[in-house]
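**Q** The amino acid sequence is not available; the structure is as follows:
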Ligand code: CDP
Ligand code: CDP
């Protein structure tokens, strides 16, 4: 087996607050793989526009911001706590609709997966379909929109941010609609996607299920 073939790529896609990010991080730690939260790239582009007083709905502004960010990419820029704010998540889903933005971020994501030593875990919306279509493991992590809104609402409350459950649910539904095209696991070229519905699962149960799938596939 060549060195190339021994590298494992785990692609994890799914809607907001489905639990894909925490699962991806835990899997990477457990398996000793590199980890990339690709949503943070879109969030960073959106935050750069907002910081500069720009309009995230303007395609030219968004594409230029993504190209600038791509050229000067520093992974430290992905640690800004403001990236986690819901307004930034919402703005990220707007810039993510712009083809020029997606194109600008493709190379960084693909080379991250290729450059890993033993393996990489990437989470996002189009990892198994567009970024790493040859990933050995493709997980689609999902949950009901009500459950996801409940989780996000709890997260905001614990950070002292005031928001009603109703508003969080409405924002989540709006974001799902904007992200819909990329939220179809059947678009994966080989359809080898394992779906995990986390609605009634604890994070530990999700991790166990994911490990079971991974061991059965490799
Ligand atoms: O953590 P959460 O699922 O709330 O959001 P995220 O993964 O940080 O992504 C923020 C937004 O970026 C999403 O709503 C998507 O519109 C976009 N995104 C994308 O289009 N493709 C990706 N691979 C990752 C994120
Ligand atoms: O990355 P994504 O937006 O898909 O979700 P996350 O950040 O991993 O999880 C969103 C929230 O849901 C976090 O507070 C998790 O602890 C929680 N969660 C949960 O309560 N039960 C699960 N089975 C998975 C996540």
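**A** Cool, got the structure. Being a predicted model, the structure only gives us computed values, none of them experimental. Numbers count the residues shown, from 1 in each chain. Ligands and ions are numbered 1, 2, ... in the order given.
**Q** can you give me the helices for this protein?
**A** Shown for the chain, the helices assigned by DSSP state H span residues 3-6, 20-31, 39-51, 59-71, 86-95, 99-115, 145-158, 165-179, 203-217.
**Q** Minimum distance to residue 133: which of those helices has it?
**A** When the helices of the chain are compared by CB to CB, helix 99-115 sits nearest residue 133, at 10.2 Å. Every residue, glycine included, has its C-beta placed from N, CA and C.
**Q** mind checking how far that closest one is from the chain centre?
**A** Relative to its chain's centre, helix 99-115 lies at 13 Å (CA atoms, centre = their mean, to the nearest Å).
**Q** try stretch 87-100
**A** Using CA atoms, centre = their mean, the offset of stretch 87-100 from its chain centre is 12 Å.
**Q** Any part of that stretch near ligand 1?
**A** Yes: in terms of CB under 6 Å from any ligand atom, part of stretch 87-100 sits within range of ligand 1, namely 89, 92, 93, 96.
**Q** what do you get for stretch 153-160?
**A** No: if you take CB under 6 Å from any ligand atom as the test, stretch 153-160 misses ligand 1, and the best it gets is 9.8 Å.
**Q** Any stretches of this structure with poor pLDDT?
**A** 1-5 (pLDDT under 70).
**Q** per-domain residue ranges of it.
**A** The chain breaks down by automatic domain parsing into domains covering 1-33+120-212, 38-115.
**Q** okay, those in CSV with mean neighbour count and distance to residue 218 next?
**A** Shown next, in CSV, are the domains of the chain (neighbours: other CB atoms under 10 Å; distance: least, CB to CB, whole Å):
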stretch, mean neighbour count, distance to residue 218
domain 1-33+120-212, 18, 6
domain 38-115, 17, 16
